[in-house]
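J.: Just need the structure, nothing else, for what follows:
(one chain, ligands or ions: 2)
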Amino acid sequence: MIKIRGLTKRYGDLEALRGIDLDVAPGEFLVVLGPSGAGKSTLLRCINRLCTPTQGEIHVDGERVEAGGAGLRRVRRKVAMIFQHYNVVPRLSVRKNVLTGRLGTMPAPLSWFQIFPGRDVDIAMECLRRVELEGKAEQRTDTLSGGQKQRVGIARALAQQPRVILADEPVASLDPKTSRTVLTYLKQASQELGISVVCNLHQIDYAREFGERIVGVSGGRIVFEGGPDGLTADVLRRIYPGLEDRGEPAPRAWQPTRPHNLSVEEA
Ligand SMILES: Nc1ncnc2c1ncn2[C@@H]1O[C@H](COP(=O)(O)OP(=O)(O)OP(=O)(O)O)[C@@H](O)[C@H]1O
Ligand SMILES: [Mg+2]
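T.: Ligands and ions are numbered 1, 2, ... in the order given. Predicted coordinates:
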């Protein structure tokens with residue numbers, strides 16, 4: 001579903017990604033682990049071209065991801081995103097937030113005036129049922145808890161009817177129990193609908209629990225690729241270098257240090 005070859009991204013002198021080769025199968029739930037600054041968000045952003053690779057090729061569902069034009073629009077319709085800070089519109093109802101996931105499929109005049117055909121409303125409600133929030137459809141989204149807002153984020157992504165979901169630290173702002181609930185909804189939807197998920201996480205326990213496959217990124221390179229059982233102490237030290245030098249045990253959980261800039265760098 002996703003094919004990445006020789007992906008390099010430089011920001012001036014800084015090499016954020018240094019030759020990434022990666023395949024993601026249809027319906028696969030892939031977790032990306034790595035220390036802060038490893039290049040995890042840059043990798044996700046390159047996949048739907050929120051940032052432009054310096055070198056390399058990316059294909060999504062057989063289509064090369066290239067700058068501009070109808071091709072990029074087609075790719076972006078197939079790729080939904082879920083954000084750490086939910087990116088919901090606080091004043092809109094839950095249902096309207098989910099409906100914004102349908103905007104990319106609608107004729108421009110309807111989307112300008114936010115007139116949603118009945119079929120789109122049905123799709124939005126079905127997506128809300130998947131995250132068990134149909135009872136809150138008419139509630140303002142800013143009245144929800146963080147976990148519920150992220151479930152709205154998942155429903156909005158599903159409403160896009162994507163082939164791929166890119167989730168950048170979707171549970172970094174949530175407590176452990178809520179994090180599990182949110183990841184469970186995401187994984188269930190991925191399995192039932194055959195959606196490939198690439199999910200950046202800082203929590204090794206959740207990577208083990210939810211990842212069908214795990215990719216460890218460090219210094220812009222893939223330093224581990226394998227199943228959850230492969231995440232041994234040695235592998236964790238490879239992914240999180242420096243721990244051994246300081247005599248620290250491999251981390252069980254990792255807290256992010258800064259919010260994420262997910263704005264569009266280039267379209
Ligand atoms: N727009 C940008 N301009 C310049 N440097 C950038 C830009 N975006 C990212 N970087 C740099 O690229 C490197 C990788 O950043 P990235 O955000 O991908 O890391 P990350 O693995 O997602 O980290 P975190 O776990 O903290 O989210 C970092 O050194 C970062 O400072
Ligand atoms: Mg990041």
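J.: Residue in this structure with the shortest distance to ligand 2?
T.: residue 41 (3.1 Å; CB to the ion). In short, each C-beta sits where N, CA and C put it, glycine included.
J.: give me the low-pLDDT residue ranges for the chain?
T.: Low-confidence segments of the chain (pLDDT under 70): 106-114, 243-267.
J.: biggest helix in it, by residue count?
T.: Across the chain, the longest stretch assigned as helix under DSSP state H is helix 176-193.
J.: so what does that helix touch, helix or strand wise?
T.: In terms of contacts (3 or more CB pairs under 8 Å, 6 or more residues apart in numbering; DSSP states H and E), helix 176-193 is packed against strand 29-33, helix 118-130, helix 146-159, strand 164-168, strand 196-200, helix 204-210.
J.: sorry, back to before: which element is the residue of the chain closest to ligand 2 on?
T.: Using DSSP states H and E, residue 41 sits in helix 40-47.
J.: Send me that helix as CSV with only the CA atoms.
T.: The C-alpha coordinates for helix 40-47 follow below in CSV (Å, rounded to 0.1, in the frame of the first residue of the first chain):
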residue,chain,number,x,y,z
LYS,A,40,9.3,10.2,12.7
SER,A,41,7.0,13.1,11.9
THR,A,42,9.1,14.1,8.9
LEU,A,43,8.6,10.5,7.6
LEU,A,44,4.8,10.8,8.0
ARG,A,45,4.8,14.3,6.4
CYS,A,46,6.7,13.1,3.4
ILE,A,47,4.1,10.3,2.8
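J.: Would you mark the buried spots in the helix or strand following that helix?
T.: Downstream of helix 40-47, the first helix or strand assigned by DSSP H and E is strand 55-60. Judged by neighbour count using 16 or more other CB atoms under 10 Å, the buried positions of strand 55-60 are 56, 58, 60.
J.: Next: stretch 85-96.
T.: For stretch 85-96, by 16+ other CB under 10 Å, it's 85, 86, 88, 92, 93, 94, 95, 96.
J.: got it, and stretch 37-52?
T.: Result for stretch 37-52 [16+ other CB under 10 Å]: buried residues 38-51.
J.: just stretch 27-39 next, same as before
T.: 27, 28, 29, 30, 31, 32, 33, 34, 35, 38, 39.
J.: Span of it from start to end?
T.: 23 Å (CA to CA, to the nearest Å).
J.: Would you tell me whether that stretch gets close to ligand 2?
T.: No: against ligand 2, stretch 27-39 shows no contacts by CB under 5 Å from the ion, the least distance being 7.4 Å.
J.: Pull up the gap between the residue of the chain closest to ligand 2 and residue 62, please.
T.: Distance, residue 41 to residue 62, using CB to CB, to the nearest Å: 25 Å.
J.: before we move on, back to that, tell me which two of the buried residues of stretch 85-96 sit farthest apart.
T.: With CB to CB as the measure, no two of those lie farther apart than 85 and 95, at 20.8 Å.
J.: tell me, what residue is most central in this structure?
T.: residue 167 (1.4 Å; CA atoms, centre = their mean).
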